[in-house]
Structure formats: C-alpha cells, structure tokens
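Participant: This is the structure alone, sequence omitted:
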C-alpha cells in the first residue's frame, strides 16, 4: 500500500495510482509498507547505476536492477516522518519521476515520502479544528522592488473572532527552501492546530517569509550579505505588511522569531539585534553566525538586561548533525555569560524530522503559556 | 539571462543560480533569452537519447549532445506564457533536474518555464493591489472523510471592508492537476488582481477545490464516477465550508462555476444540474460530457427558462486542441436550441496559455458587470 501525506491531498491520489503509459504497472514509487519500510523504484532499463539519496542518511545507496529494467531498494524501520529524497541515474540527480509529491525549493527539485504515524503524529492532520495558510504577495522594497511571497498561518477561529488580536511567530526556513517548506514538509500548520487543540500553545499567527534575499549562489547583493538584506526586508516589508493586514497584537512581548538551519542563524542574528522587537528566539539546528560572540558582546555581558528581555531563548540540534558543535558552543557561551536558555540536544540529523520536534517543544513556551 | 516567474518568488533565485556540485557551471536550464527563445539543457553524459516534451507541442523533440555530455535544444519565438515541460532520458520521463520551478500534480511531476511578457501580461504581477490565496483544510465527508485542501483567492481590500460580502467563482482544474494549478501556473490571482484594478471585473472570491474525488487512475469510488462524487463533495463540503468562513454574497446570482478540460466538463455537468445554485457557467477546452444532450434535454428544450437563469454561458477552445470538436459540437447544440451562449474559438492548444485568456474573457462577464 502506498500512502501519501494528507497536507497535500493531491498526493492521496498516489495512493492508488497505477503506473500508466510506457512504464510497467509494477513501478510504483515510493511504496510505504505497513511495517514502516519503504521501497523506492525507478524504471530505467538503459541505466548502468542508480543511487538513492535522502535527507536521513549520508551519501547514496545503490539500487538493484531486475530483469525488466526496474531498479529498487527497500529501507527498513523508518521513523514516521516526511523525508526528502531523490535518485541519481548515471550521475544525473533527479526527483522520483513517478512520485507527484515534490518539494518546492530555491534550486533543483526533490521528492517527498511520508511514513504516517498511527495514531497521527503532532505534525499530521488530526480530527481537530484546522487553521489555514494564506499566500500573500507584496513588493520587496528593501531588496529589489520585485514581487515576493510570504505565507501566513492563521489559527482556527481567526475569522470567527473579528476583534481578537493574536501574537505572532516569525518562522524562517533553511537554505534552498521556500516559504512553502514549513507547511508542505514541516507540517507546521498541523503542529499549531494540534498544540492549540490540546491547549498547549496559545492561538497565534505564524509568518513564513522567503529567507533568500541575496540571489541563490551569490554571496552579496548591493554589497550586503543575505542575513543583512533579509533583516532589512523583514523589518521594512514583511512585518509592516503583516501588521497592516492581520489582527496582530502589538509589541515585542507578542512577537517571536525562530528558524531552522540558515533560518536559525537568521533568527539569532536578527533576534539579538532587535531585542526591542522580539521577546523570544529559537534556533533549530542553526547555522550559528561565526561572529556571534563579537557581534553581540554587549548583550552577552549584560545577562540581567538580556534575561529580562528574552522570555524564551531556545536552541535545539541533533547530535548526528554536522552543525551540532556550533549549537553546543553557543549554548556554552550563553552558560558562561549566565544568559538563560534551553539547549535541547537529542539524537537526530539535519532534517524536518527533528525540526518538527523542535517546533513542538518551542511553541508551548511562547506568549505567556 | 534566465528569468523565472514572480508568482513563485523562490524561482527568482533561479535567475542567477549557478549550477553547483557535480554539474558543470554551463548547465543552466531553462535559459530564457531576451528574444523569447529558450534553451533547455541537461548534463547526462552517459545517456544515448534525450527528448524534450512540452505542453505547447505534440510528441518529443531531440536534444543534441556536446563533447562535455551536455544535451541542449533551443526553441524560438515562444509566446510569453508559463509552459509545462520535461525531459525523457533513455526512456525515463523526468522533470528538468536543475530547474526548481515544479508543477504540483496529481501524479508524476513536471517542470515549468516562464517567458515573461514586457510589459507584464494580465497573468503576471503588475504594480496593482494584490489579493491573496488561502490554503484551507477540511474533511471531505462526501468522499472518504479524509483531509483535503481547497485554495481560496480573496480580492484586494477583503480585510479592509469587514462587512462587505463578495460573489464567488468556483474555478476547477484539469486532469492530473491540483488546487494549486490555477495559481501557480494559471496566474489566476494576478488575472483577477489586474482585471479588478482596471475595473473590468467585480471584486470576487475564487474558490479552487480539488477535482479528483475518485482516486487517480480509477474509474469509480463507492460506485460513483468522478464528476458525480465531486459534485457531492462540492455541494456538501466545499460550498458550506466556504460560506461558513468567507464573507460570501448569498444566492445563485452571485455564484458562478468554470473550469478547464476535466474541470470544464465538471462545470457543465454540475452547473446545468444545479441551475438553482449557479447563474453563470464556463468551460475552457472542456472534456464535454458525452451524454450532455440526453442528460440536459429538459434545459435544452426550455430555452426561455434556461436563458433567464444563465446570465453567462461561455465556451472556449483552441482550434488545434484535440478536444475542439467537442466544444464546437456543444456550441452547435446550444445554437440549435436557441440557448444563449458565447463560443470563443481561437488558435491554441491544450495548455494554460489559452486558459488564462479564457479566464480573462469570462471573468468580466460575471456578477452584473
């Protein structure tokens, strides 16, 4: 039985899609089995080597060819999650050609496979009221004046309480991702729905802007690095657009910033540079800025002042993540300066499986819960 | 210069993305030139044949290999639009592996290439107020009870006029598409923004549900064909969800239905079966129901009554579309029964290039404009 993710209900179709056209009917990929093993297949009779790549392991794994030219591999005991993967066919890296579950990215493309948890995990649809995610377009005056999108989660009931104002979490994606990532792969909308339904999180708005301000592959634009330019865009364009349209509770006490990987580095740099605007900061598996200690020495040397401002300062990283030492070192730096913080170090690599857990841990700490 | 579509601002990155990793820096694909020619490339040194497929031509076109293993083809004088394409490498159909512009589909995946018009076409971002597109999730009680998404365009100013109610267009996608298609490829949000800004269209809500009710590749589910089940879902789940959440003007006079291809067939069948609920119907390059004449003989034989109910009945199809004879025959049937209608027959094939024009023609006819 192939199963796919309900956040993208189109994928439900894949559940029973029969391979059509030139491909033999046996080529269904990925096939998620009830025991949480997954079979990946591709019909490529002329290929001499096919590899599987994925965000839950390093390097590649070889597929085996059958007499019909179908290559396959089965991986066992996978933790329920949504994973990113692809094939490399004779050196050409491609998404799975028969899998419609595709990740939107900043460059290249990749496939998604969901192994559903039973009962549904906090990152999956449960029978609770659902919020919605709105795609907005505006001109990025702080960057190049061109049209750019940002995605906004509004909690269940937002329309039914027309005078209520909500706190806001700015939630940033990683390198080579888009504003769609936290919804389409991270399941952030379901995480919020489920935590709100359990009264573990305050109803809040979550804003997901596009974190690549400098064109992908370049170091600078108009002489500014990506985080500098993104910070200007966030403060000059995104926050004003959000506060002009959505019923946002005013003030730093009702505003938080968090992100994963590149977005974690952005959260740390933008959050600490704007403690007048943000009262909570989280960095998941962060690309911690190399100059953090020098850049924020004043905040580090004023533990009393900084601790009074930061209601939550949260770091998380998987111990098998190559970025782990950077989070660990930052946690040590905070400890040495008596900056109150949480460092959530667990097993895990650099993927959404852990970032969903980070979000689930962090969100309940926000906004006076 | 590679240029990409502003509706998916992530793609702006592709504008300057340098090919990285194992691919040589020269492999940028697609490359859209100022003269509206496009070069498609793929680095596949071990392949023996590479073909280009696209939604603007039939069959495949062969790419040519250079000494470095890069295959390429340049197509000239392409009409500005967003096209769907892919490669077939030694028989394996894949999206363009270095192009992040990907179409979400019901099965398999495909790439997108945008050739921008200058000045921007009605389907592109112009410097006008923008509406937004909201992704909603609900349980499809009429189908299988599972989570399903629908996308909703709200016009500029929707939040600023909290007591205003808006008419609604239900806009249906084609076979193997998703609710994302009309926004991500069709640019329907920009078409509406631009027509509203020019006062050619009434501010309206546009609802884009998921039109595959029967699992893809199957003929029936619970003994019902796709349109029958989709009609039940639309009437029982989608319209009530929309009217519970959005500020919708009540009544059939403020409700229209339109769709492309499969969705055009659905619009005709559902629209004519529910003239108490819809006052305007459009079918773009429609898969016209084979039994339309028999099924709706009562409406056809009551020209006076039907004409009084239908404020707009609109058919459009490209003359180079294999479905053209079906629209033509339907228009003749309407004419023979003196059913007032428009048949917009122009040059064109079965793709979004013409469906955007159809939408642009039809929307100004709606809601008393």
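Facilitator: Great, that's in hand. All values derive from a computational prediction rather than experimental measurement.
Participant: Looking at residue A:310 now. What's its pLDDT?
Facilitator: You'll see residue A:310 listed with a pLDDT of 97.
Participant: Surely it is in contact with residue A:279?
Facilitator: Yes - contact criterion CB atoms under 8 Å: residue A:310 and residue A:279 qualify, at 6.7 Å. C-betas here are computed from N, CA, C, even on glycine.
Participant: so the residue lying farthest from the centre of chain A, which of the three states?
Facilitator: Farthest-out residue of chain A from its mean C-alpha position, per CA atoms, centre = their mean: residue A:67, at 39.9 Å. Using DSSP: H, G, I helix; E, B strand; the rest coil, the secondary structure recorded for residue A:67 is coil.
Participant: ok, residues contacting the worst-scoring helix or strand of chain A on mean pLDDT?
Facilitator: Within chain A, confidence by mean pLDDT, DSSP states H and E is lowest for strand A:102-103 among all helices and strands, at a mean of 90. Contacts with strand A:102-103, where a contact means CB atoms under 8 Å, 6 or more residues apart in numbering or on different chains, come from A:84, A:95, A:109-112, A:181, A:184-185, B:95, B:102, B:104, B:109.
Participant: is it possible to export these to CSV including distance to residue A:78 and neighbour count?
Facilitator: Listed next are the contacts of strand A:102-103 as CSV, based on distance: CB to CB, whole Å; neighbours: other CB atoms under 10 Å in any protein chain shown:
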residue, distance to residue A:78, neighbour count
A:84, 13, 21
A:95, 19, 25
A:109, 22, 23
A:110, 17, 25
A:111, 15, 24
A:112, 13, 24
A:181, 20, 28
A:184, 19, 25
A:185, 16, 29
B:95, 25, 25
B:102, 24, 23
B:104, 24, 22
B:109, 22, 23
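Participant: and those as TSV, adding secondary structure?
Facilitator: Shown next, in TSV, are the contacts of strand A:102-103 (three-state DSSP):
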residue	secondary structure
A:84	strand
A:95	coil
A:109	coil
A:110	strand
A:111	strand
A:112	strand
A:181	helix
A:184	helix
A:185	coil
B:95	coil
B:102	strand
B:104	coil
B:109	coil
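Participant: tell me which of those residues is nearest to residue A:54?
Facilitator: When these are compared for distance to residue A:54 (CB to CB), residue A:84 wins out at 6.8 Å.
Participant: which residues in chain A form helices?
Facilitator: Along chain A, counting by DSSP state H, helices occupy A:181-184, A:188-197, A:226-233, A:239-245, A:262-273, A:292-295, A:297-300, A:303-309, A:324-336, A:352-362.
Participant: Reformat the ones you listed as TSV; add distance to residue A:254.
Facilitator: Putting those into TSV (distance: least, CB to CB, whole Å) gives the following:
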stretch	distance to residue A:254
helix A:181-184	20
helix A:188-197	16
helix A:226-233	20
helix A:239-245	11
helix A:262-273	15
helix A:292-295	26
helix A:297-300	21
helix A:303-309	14
helix A:324-336	24
helix A:352-362	16
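Participant: For residue A:175, the count of nearby residues, please.
Facilitator: 16 (other CB atoms under 10 Å in any protein chain shown).
Participant: quick one, what contacts the closest residue to it other than its chain neighbours?
Facilitator: Distances taken as CB to CB, 6 or more residues apart in numbering or on different chains place residue A:262 nearest to residue A:175, at 4.2 Å, with adjacent residues excluded. Residues in contact with residue A:262 (CB under 8 Å, 6+ apart) are A:172, A:173, A:174, A:175, A:211, A:226, A:287.
Participant: one step back: pick the one among the contacts of strand A:102-103 closest to residue A:159.
Facilitator: residue A:184 (23.1 Å).
Participant: Would you mind measuring from the closest one to chain B?
Facilitator: Using CB to the nearest CB, to the nearest Å, residue A:184 is found at 9 Å from chain B.
Participant: surely that residue meets residue A:110?
Facilitator: No - using CB under 8 Å, residue A:184 is not in contact with residue A:110, being 11.7 Å away.
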